[in-house]
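Colleague: This is a predicted model, with the sequence first.
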Amino acid sequence: MAAWMLRACVLGTLLCQVWSSTETQRNEDEQRPQALHLWRNQGKGLARVKRDWIIPPIRVLENSKQVPEDLVQIKSDKIFTGEVIYKLEGPGVDQEPKNLFEIDDKTGIIRSKRPLDREKYNSFTHISVTQTLVQTSRENPTTIEIVVLDQNDNRPAFTQNQFTGTVSEFSVPGTSVMSVSATDADDPMTENAYLSYSIIGQESIPANAVTKTMFGINNQTGAIYTRDVGLDREVVKSFRLRLQVADMGGMGLTSEGVAIIHVSDINNHAPQFSPILYSMTAVENRKDYEIGRVNVTDKDDRGTANWEAKYFVSNDPEGSFAIITDPATNQGVLTVMKPLDYETQNEYILILTVENINRLSNKAPNLPVSTATVVVTVVNENEAPHFREDPIQIVVPESVVPGTLLKSNIAYDPDNSDLRYDISRDPERWLDINRDTGDIIAKRTFNMRSPHVKNNIYNAAVKVTDADGMSTTATVAITLTETNDFPPQLFPLSGSICRDASSGLVLTAVDEDLPPHAAPFIFKMPDDASINWTVIQVNDTHSLLQPLVELDAGEYAVTVLVLDSGSPALGAYAQVNVTVCLCDSFGDCKSEAGAIFGSSVGISFFALIIIIASIVILLLLLLLAVAVTTCGRRHHIKKGTGLLIGDSEDDIRDNVLNYDEQGGGEEDENAFNIDLLWNPLDAPSTPGSYYPVSGVPRGKQPLRKDAPHNLPSPTYPRRPPANPTDIEDYINDGLEAADNDPNVPPYDTALIYDYEGEGSLAGSLSSIASGSSDGDQDYDYLNEWGPRFQKLANMYDPR
């Protein structure tokens, strides 16, 4: 055992000496640039082969102040054969970032020209090229990597200016609250970026509410947790923690941050009524309105579900009340859901309970559920009368006897007041009502065909009023049942049938009653008429009337009885005029001429045509003779005996009738008076007397609404015409004056000459031009009146 111990000591001593000599050599090498013989033949041990040497990375410390600094020296085997030129290419030399490194083209020493920053560039890869001056040949390029070593030149920094977290009140120690984090720009593989977290200060809100340390932090992960008990939101609302992070495991550079931790509420307080007894009043017959509010207190966080109350009503079997929560005040709002009746119950005692929206926490005190008592007193008010049914249904036959009681006991008053009844709507006036008892009575027989009866229902309305004037209206729906009121009427009452065929006359009936008092109809023959005729039932509404024996052509009156299906059935006798005639091949009755032509006796058809043609020719000759005679008399009219001159002194205008009299619009109620044309000397100064009928004062015309009525009227012509040619000018002057007169009806009424009066100052129209109606007349002036009188001029002077 001792020998083994001795051997171990000797071996340890040797190893220490070897390590010491190696470390001394390493320190000496660090003091001068390392010479790299990249292509040297190292004798028997190392010989150049096809592959180049792999040069290990060159390590350079960042932020070095010794610049320029020699980093490494490159040597080529060609230096023994001639002068060699060294070149360096890549980032940091001739590529961005430029001017960080350089190489001595003769010695091959690579230098750093400026301090390096690892946080910007942590490594550089260069290409080294060697070339001789004699042979101008280049060796294979060699890759050189320079690695920048990190220094602790960056402080750690929190990722947020302020961290926020939440923890429930009464949380147990060790409860995770939140995590904070920080970053360091230094090399994460070194101690320079190894971070450590700590809490360096704690403040409670409100201040000094809690003085003991309530939170801890994991120095490696930054997780914050509770360290102690006693987090009560009613005592402390939140905490403000001062945090610190340091690199190099807490021994390096430091930074500070802030974390705010809010204490969240749990439902550890049950709501409590305050007070617990309430008195309220409610008016009867009203619903959906508030009658009062109840209050509760809750220490939990206001506005949360732990604070919001939910109310319940008990001792209300009818569901007449309901309670809801006011979200702003958390009060309970008690409302009436159904109308209350003072006469039925005038007081209600309600029991209220309350709880939170969220369930109560198991950390809350074990207290009974809070309750409150509400006494509701019902206030009596005058109620309107009530109908026992609305609409009031009545079923009655349409042929009800007037005076029949249709409905009684239709309404009542909750306050036992005296009632007064009225019929407010009865378009057919079929009903009557007792004003004191409300009995509805039929005033007259109903009619199913009334336009106010829809689908056999007649609607009326009644109103009931109490002693205080409160009234209610209800509809009376009277359903009319059909009764058999009308017997059926046979149709048609005349027709024709063929003599030599077995055809008949189709009969039907019309009944004003409705089913089931109408069809099907029954057609019968009286016993005395059933000898020669019979009625065959075709269907419910039609029958066929046929003769039983062959009858001669002629007219026959047949009596038929028709019955309806009513109960009791009603019937009516009708006389049907049947024409029995000869028929053609189509079954149509022939006329008497056709019968003659179709027979083999009498004159032939062509002879009859000749006779008719002769008669027509004689008639034409007669008409022609009358026309010739009339024309001859027209051309021999003597002067003074024209068509307008008569022996009678009566005014021929009495025989003129007014056709198609036209007015002048909405404001024209009377025709224009033609007195102006009777005698111009008697014409009034204004176009007055617009009202020729009796009872209307003359000289006062209606005012026009389309023009001011106070404007002066134009001057109307007053002089009589000196000769017949002045009539045209006279009429035109009057027309122009009437058109420009703003005080007369619209212009289109001023020239309607359609009133022909009770008489005339002149015996005939010829008196316009002559004072005598018996002398010869000269009608040459008619040619001067224009084309409208040309035809009249030709009649009296056809030259």
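Modeller: Nice, thanks for sending it over.

Colleague: any idea of the mean pLDDT in stretch 357-370?
Modeller: Per-residue confidence for stretch 357-370 averages out to 88 on the pLDDT scale.

Colleague: List of residues touching it?
Modeller: Under the contact criterion Cβ atoms under 8 Å, 6 or more residues apart in numbering, stretch 357-370 has outside partners 170, 266-273, 276, 296, 304-306, 308-310, 353-355. All C-beta spots, glycine's among them, are computed from the backbone N, C-alpha and C.

Colleague: if you set the cut-off to 10 Å instead, what comes out?
Modeller: Identification of contacts with stretch 357-370 by Cβ atoms under 10 Å, 6 or more residues apart in numbering yields 168-170, 265-274, 276, 296-297, 300, 304-310, 312, 325, 352-356.

Colleague: Residue ranges in the chain under the pLDDT threshold?
Modeller: Of all residues in the chain, those with pLDDT under 70 make up the ranges 1-54, 77-82, 126-140, 501, 529-530, 587, 591-605, 631-726, 742-777, 797-799.

Colleague: And the helices in it, which stretches?
Modeller: 2-30, 592-598, 605-634, 675-678, 726-739, 790-796 (DSSP state H).

Colleague: Tell me if I'm right that Phe321 and Ile349 touch.
Modeller: No. Here Phe321 does not reach Ile349: they are 11.1 Å apart, not a contact under Cβ atoms under 10 Å.

Colleague: Give me the more crowded residue out of those two.
Modeller: Taking Phe321 and Ile349 together and counting by other Cβ atoms under 10 Å, Phe321 has the greater number of neighbours (22 against 10).

Colleague: Check the spacing between the nearest residue to the more buried one once chain neighbours are set aside and Val263 real quick.
Modeller: Setting aside the residues directly before and after it, Phe321 is nearest to Val313 in space (Cβ to Cβ, 6 or more residues apart in numbering), at 5.5 Å. Using Cβ to Cβ, to the nearest Å, we find Val313 at a distance of 36 Å from Val263.

Colleague: Who has more neighbours out of these two?
Modeller: Per other Cβ under 10 Å, whichever of Val313 and Val263 has more neighbours is Val263, with 25 against 18.

Colleague: tell me, what's touching Phe321 and Ile349 both at once?
Modeller: Residues touching both Phe321 and Ile349 by Cβ under 10 Å, 6+ apart: Asn315, Val374, Val376.

Colleague: List the contacts of the residue nearest to Gln489 when sequence neighbours are not counted.
Modeller: The shortest distance from Gln489 to any non-neighbouring residue, by Cβ to Cβ, 6+ apart, is to Val510 (5.1 Å). Contacts for Val510 were tallied using Cβ under 10 Å, 6+ apart; they are Phe486, Pro488, Gln489, Leu490, Phe491, Ala518, Ala519, Phe521, Thr541, Val562.

Colleague: ok, the closest residue to the first one other than its chain neighbours - contacts?
Modeller: Excluding its sequence neighbours, the residue lying closest to Phe486 (Cβ to Cβ, 6+ apart) is Glu512, at 4.1 Å. When contacts are counted by Cβ under 10 Å, 6+ apart, Glu512 is found next to Met448, Arg449, Asp485, Phe486, Pro487, Pro488, Gln489, Ala518.

Colleague: Also Ile200?
Modeller: Applying Cβ under 10 Å, 6+ apart to Ile200 gives the contacts Leu241, Arg242, Leu243, Gln244, Thr254, Glu256.

Colleague: now the spatially most central residue of the chain: how far from Leu621?
Modeller: With the centre of the chain defined as its mean C-alpha position, the nearest residue by Cα atoms, centre = their mean is Asp288, 28.7 Å away. From Asp288 over to Leu621 the distance is 103 Å, taken as Cβ to Cβ.

Colleague: ok, now Asp540?
Modeller: On the measure of Cβ to Cβ, Asp540 and Leu621 end up 64 Å apart.

Colleague: surely Ser238 meets Met214?
Modeller: No. Ser238 lies out of contact with Met214 (Cβ under 10 Å); the separation is 11.1 Å.

Colleague: out of those two, which sits in the busier spot?
Modeller: Neighbour count, other Cβ under 10 Å: between Ser238 and Met214, Met214 has more, with 23 against 19.

Colleague: and the closest residue to that one other than its chain neighbours, what is it in contact with?
Modeller: Computed as Cβ to Cβ, 6+ apart, the closest residue to Met214 that is not its neighbour in sequence is Asp228, at 5.3 Å. With contacts defined as Cβ under 10 Å, 6+ apart, Asp228 is in contact with Val172, Pro173, Val210, Lys212, Thr213, Met214, Phe215, Gly216.

Colleague: which among the residues you listed end up buried?
Modeller: For the contacts of Asp228, a burial check counting by 16 or more other Cβ atoms under 10 Å picks out Val210, Met214, Phe215, Gly216.

Colleague: residues touching the second one, list them.
Modeller: Under the criterion of Cβ under 10 Å, 6+ apart, the contact list for Met214 reads 167, 171, 173, 177, 202, 204, 226-231, 236, 239, 241, 261, 263.

Colleague: and it, backbone torsions?
Modeller: Dihedral angles of Met214 (phi, psi; degrees, to the nearest 10) stand at phi -100, psi -10.

Colleague: roughly how far apart are it and Ile266?
Modeller: Between Met214 and Ile266 the computed distance is 17 Å (Cβ to Cβ).

Colleague: Next: the first one.
Modeller: In this view, Val210 and Ile266 are 17 Å apart by Cβ to Cβ.

Colleague: quick one: which of the contacts of Glu512 is most hemmed in?
Modeller: Neighbours here are counted as other Cβ under 10 Å. On that basis the top member of the contacts of Glu512 is Pro488, with 28 neighbours.

Colleague: residues touching that residue, list them.
Modeller: The contact partners of Pro488, taken as Cβ under 10 Å, 6+ apart, are 508-513, 517-519, 521-523, 541, 562-566, 569-572, 574.

Colleague: These, buried ones only, as a PyMOL selection?
Modeller: Restricted to the buried members of these, where burial is judged by 16+ other Cβ under 10 Å, the PyMOL selection command reads as follows:
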select buried, resi 508+509+511+513+517+518+519+521+522+523+541+562+563+564+565+566+570+571+572+574
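
Colleague: Keep only those of the contacts of Pro488 that are in strands.
Modeller: In strands, defined here by DSSP state E, the members of the contacts of Pro488 are Thr508, Ala509, Val510, Ile522, Phe523, Val562, Leu563, Gly571, Ala572, Ala574.

Colleague: I figured the last one hits Val535, correct?
Modeller: No. Using Cβ under 10 Å, Ala574 and Val535 do not qualify as a contacting pair, with a distance of 11.6 Å.

Colleague: neighbours around the nearest residue to Ala157 once chain neighbours are set aside, how many?
Modeller: With Cβ to Cβ, 6+ apart as the criterion, Ala157 has its nearest non-adjacent residue at 5.4 Å, and that residue is Ser255. Taking other Cβ under 10 Å as the neighbour definition, Ser255 ends up with a count of 16.

Colleague: any idea how far Ser255 is from Gly222?
Modeller: Distance check for Ser255 against Gly222: by Cβ to Cβ, it reads 13 Å.

Colleague: any common contacting residues for those two?
Modeller: Phe158, Ala182, Leu195, Leu243, Val245.

Colleague: how about CSV for those, with neighbour count and distance to Asp739 added?
Modeller: Shown next, in CSV, are the shared contacts of Ser255 and Gly222 (neighbours: other Cβ atoms under 10 Å; distance: Cβ to Cβ, whole Å):
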residue, neighbour count, distance to Asp739
Phe158, 21, 104
Ala182, 21, 108
Leu195, 22, 113
Leu243, 21, 108
Val245, 26, 111
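
Colleague: In strands only, show me these.
Modeller: Taking DSSP E, the ones among the shared contacts of Ser255 and Gly222 that sit in strands are Phe158, Ala182, Leu243, Val245.

Colleague: will you turn the residues you listed into CSV that also has distance to Ser112?
Modeller: As requested, those are exported to CSV (distance: Cβ to Cβ, whole Å):
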residue, distance to Ser112
Phe158, 34
Ala182, 32
Leu243, 39
Val245, 33
